[in-house]
Structure formats: C-alpha cells, structure tokens
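[1] Pasting a predicted model and its sequence here:
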Amino acid sequence: MKQRVNYFKTNPKVLQLMLQLEEYKKTTGFDSKLIELIKIRASQINGCGFCLDMHTKDARAIGETEQRIYCLSAWRETPFYSERERAVLELTEAVTTISAGGVPDEVYERVRKHFDETQYIDLVAIMITINGWNRLALAAQLLPGDYEAQAVK
C-alpha cells in the first residue's frame, strides 16, 4: 500500500480544524487512559491501522496495560474494564456505527449513570473527533509504523 496524499501539507486548514477538535478533549477533565480507550476502540471498528498504531503507543506511554489494550476488541468478555469504562466503550461503538441503529436509550442511560449531560456530549465530541481522524487517515491511506508516542500527554 502507498500513501495517497499527505493532508498535513496538502490542506493545513483542515488539519488545524481537526487539531482544534482534538484540543477540546483537554478541557473535559476526562482521564487520558479513558480517552485513549475511546480512540483505540473506534479505530478498531473503523479498521484504521494508522490510528491504532498511534493510540496504542500513546496508551502505553501513559501507563495503560498491554492486557487491556490487547483485549479491547473483546471488552464484553473480559473483567479488565470498570462499569464506567464499559458504558463509554458501548457508547463508542454506538456512535462509531451510528447508521446501524443510532444510540439506543439503554446505552444512553448506562452512560448517564456515570456522567452528567455535559460530560455525555463531551464524550460524543471525542468520539466524533477520532472517527473524523480515522476517515481522514483511511482516505489518505496513511501508513502506520513511524509514529512515536510523546512522553507526557
């Protein structure tokens, strides 16, 4: 496979808009590990190798365990995730595959047990952002492998 286009250079305005969305996550107060779980799970569903490479490296850099990263695609069958994380992962799947059935009321209610309305929308915004990055990376055929995680996020 060959990279089609470097959108970083081709259209920096789009990159800046996406980076503004990315920066918003820092204002939400969510734990970095939870955010990386969202990014990894959405990227798994979307089949984005570039983003999986990036976010698994980022997750390890902030102390996420290999076991939790490896088992994320089977989170329902493992005891490694809290009830709060499970609700977020279920929401991540619903938002990522939204055309398949929307966000069911029961998923919304499970998330609301742990998060208020503003936090719910913040979570959805984080999910929208990673889904956007996935689509940009897949459309450009960005190649995984060269990304190096930052020491501190």
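    Everything's here; your move.

[2] In the protein, which helix is the longest?
    helix 117-140 (DSSP state H).

[3] buried set for stretch 41-48?
    Using 16 or more other C-beta atoms under 10 Å as the burial criterion, the residues of stretch 41-48 that qualify are Arg41, Ala42, Ser43, Gln44, Ile45, Asn46, Cys48. Where C-beta positions appear, they are placed from N, C-alpha and C, glycine not excepted.

[4] Identify the farthest-apart pair in the residues you listed.
    Greatest spacing in the buried residues of stretch 41-48, by C-beta to C-beta: Arg41 and Cys48 (11.4 Å).

[5] you'd agree Phe8 is up against Gln16?
    No. Under the criterion of C-beta atoms under 8 Å, Phe8 makes no contact with Gln16, lying 10.4 Å away.

[6] So for these two, which sits in the more crowded spot?
    More crowded of Phe8 and Gln16, by other C-beta atoms under 10 Å: Phe8, with 12 against 9.

[7] What sits closest to the more buried one if chain neighbours are left out?
    Leu15 (5.5 Å; C-beta to C-beta, 6 or more residues apart in numbering).

[8] The one you found is in what secondary structure piece?
    Using DSSP states H and E, Leu15 sits in helix 12-24.

[9] Helix 117-140 and that helix, what's the angle between them?
    With axes from the mean of the first three to the mean of the last three C-alpha atoms, to 10 degrees applied, the angle from helix 12-24 to helix 117-140 works out at 150 degrees.

[10] Can you give the contact residues for helix 12-24?
    The contact list for helix 12-24 (C-beta atoms under 8 Å, 6 or more residues apart in numbering) reads Tyr7, Phe8, Ala125, Ile128, Thr129, Gly132, Trp133, Leu136.

[11] for the record, mean pLDDT for it?
    For helix 12-24, mean pLDDT is 93.
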